[in-house]
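Chemist: Any chance you could fold what I've pasted below:
(one chain, ligands or ions: 1)
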Amino acid sequence: VIDEVRRRARVSGPAWTASLLADRVLRVNVLGRWPERRVPYDALERQVLAILEAWRVREPEVVARHLLYADLHGIVSHGVAMLRHYAAGPFTLHAATEVVRDEGATAVVDGGGGLGHLPADRAMRLAIGKAREHGVGAVAVRHSGHFGAAGSYAALARDEGLIGIALTNVRDPAVVPTHGAEPRLGTNAIAFAARELMLDIATSTVSLGRAVARWRAGKRIPTGWAIDAHGRPVRSGRVANEQRRLTPLGSRPETSSHKGYGLAAMVEALTGVLTESAVGHFLVALDPARFGDGFDGRMDAFTASLRATRRLDPARAVLVPGDPERAAQQDRAARGIPLSRSVVEDLRLVAADAAVPFAL
Ligand SMILES: NC(=O)c1ccc[n+]([C@@H]2O[C@H](COP(=O)([O-])OP(=O)(O)OC[C@H]3O[C@@H](n4cnc5c(N)ncnc54)[C@H](O)[C@@H]3O)[C@@H](O)[C@H]2O)c1
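Modeler: Coordinates of the predicted model:
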């Protein structure tokens, strides 16, 4: 701990280190009071690339693109904030990916025990080629690691005029099955992209990151996000993060948590179980033209009809999944990406450890 404090003080200065100590030792939320900073996309990309290159990550520009997809679309928990965790492992950072099976509409990519971004990118691009040829492409990734936001891979297929699906499981369980007292599943993610519809979700009621963010904002978490070992609601985001017993989507048995549990189990079957690995992904591309004409126009009419739904509250628009991220993307492309001071200082430390200049 003393080493860590010295290191932080050297890299980030005494004021930040004191805040960090208050946060960790006294459990007083001081970090959340520091102002955030807006950073232009290109500057952030250059900083991330410098770190990834120092780590000898293969094809760093591909990894950086998927990391920054999350920050650009307002999914702050799954972008550059992850670099601190990636630095700590358990990954082979310069792992090579390899296509180990390739037959007709299916293939298997091995991630080599590294980060998931590169093998998932490669798998989706392979699936896209197969969808062009066969109408559908389904590619599993085995022996992989964290890949960030699932939507970033579904978007690759969508941007080619296809339908994209991306699934991932998670190494460390943090979700309890319905009626269960202990975590058995990850926050397993599902992304589905077609035209303007982009659903990109965890199968837990919320992510651990959201619970921690509430704590940082000085707020309790609502009943139903997380439970303790006796099934009692946990109301502190910090405690929820420590205990790792999030509820499946649906929250409680009375509000159909079995559906989120079932979705998480489905994702696990198609990722960890199918690929026989701790972290696996499943990427699908579908060509709608193989099923008939006019899909794009009908999708656009469908999403327009959703937005035109009569509102409950005139001040709150009915959105289509994907709308919040599109709005975030427009704002961030124009005004820069907001980074909390915690993320800035973590990046400063990661850069110092990788012996690259910090330029944000
Ligand atoms: N790599 C991993 O191991 C892993 C695991 C779990 C989750 N994730 C990622 O975490 C991210 C966040 O997941 P989450 O579940 O916290 O997201 P979330 O609860 O913020 O939900 C996001 C989704 O809901 C849609 N949405 C939000 N408000 C809406 C509204 N009013 N009407 C219609 N749609 C609306 C968004 O467009 C988006 O598709 C995702 O990118 C996911 O892929 C990654």
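
Chemist: which residues of the stretch 101-250 of the chain score low on pLDDT?
Modeler: Of all residues in the stretch 101-250 of the chain, none has pLDDT under 70.

Chemist: Helices of that one, start to end?
Modeler: Taking DSSP state H, counting those that start in this stretch to define them, one finds helices in the stretch 101-250 of the chain at 117-134, 151-158, 208-216, 237-243.

Chemist: Please work out which residues outside the strand or helix carrying A22 touch it.
Modeler: Under the criterion DSSP states H and E, the helix or strand holding A22 is helix 14-24. Outside helix 14-24, the residues that touch it by CB atoms under 8 Å, 6 or more residues apart in numbering are 5, 8-9, 12, 28-31, 33-34, 341, 345. All C-beta spots, glycine's among them, are computed from the backbone N, C-alpha and C.

Chemist: Quick check: residues of the stretch 51-200 of the chain near the ligand?
Modeler: Residues of the stretch 51-200 of the chain that fall close to the ligand, judged by CB under 6 Å from any ligand atom: 75, 78, 146-151, 168, 170, 187, 189, 191, 198-200.

Chemist: P35 contacts P338, correct?
Modeler: No: P35 is beyond contact range of P338, at 9.9 Å (criterion: CB atoms under 8 Å).

Chemist: The two: which is more packed in?
Modeler: Per other CB atoms under 10 Å, whichever of P35 and P338 has more neighbours is P338, with 17 against 7.

Chemist: Next, give phi and psi for that one.
Modeler: Main-chain dihedrals, P338, degrees, to the nearest 10: phi -70, psi 130.

Chemist: Nearest spatial neighbour of it, chain-adjacent residues omitted?
Modeler: Setting aside the residues directly before and after it, P338 is nearest to E36 in space (CB to CB, 6 or more residues apart in numbering), at 4.8 Å.

Chemist: Pretty sure that neighbour sits against G336.
Modeler: No: contact status for E36 versus G336: not in contact, 10.5 Å apart, counting by CB under 8 Å.

Chemist: Pull out the buried residues from stretch 119-130.
Modeler: Buried residues in stretch 119-130, counted by 16 or more other CB atoms under 10 Å: 119-128, 130.

Chemist: contacting residues around it?
Modeler: Here stretch 119-130 has contacts from 62, 66, 97, 99, 102, 104-107, 109-112, 136-141, 144, 147, 153-154, 156-157, 160, 162, 164, 166, 168, 281, 283-285, using CB under 8 Å, 6+ apart.

Chemist: now it: how far from the chain's centre is it?
Modeler: Going by CA atoms, centre = their mean, to the nearest Å, the spacing between the C-alpha centre of stretch 119-130 and its chain's C-alpha centre is 19 Å.

Chemist: try stretch 174-189
Modeler: 18 Å.

Chemist: Quick one: residues in contact with it.
Modeler: Stretch 174-189 has contacts (CB under 8 Å, 6+ apart) with 149-150, 166-173, 200-204, 207-208, 227, 229-231, 244-248, 253, 257-258, 261, 263-265, 267-268, 271.

Chemist: Then stretch 243-261?
Modeler: Residues contacting stretch 243-261 (CB under 8 Å, 6+ apart): 172-179, 182-183, 185, 187, 201-208, 211, 224-229, 234, 240, 263-264.

Chemist: So which of the residues you listed belong to strands?
Modeler: Mapping the contacts of stretch 243-261 onto strands (DSSP state E) picks out 201-202.
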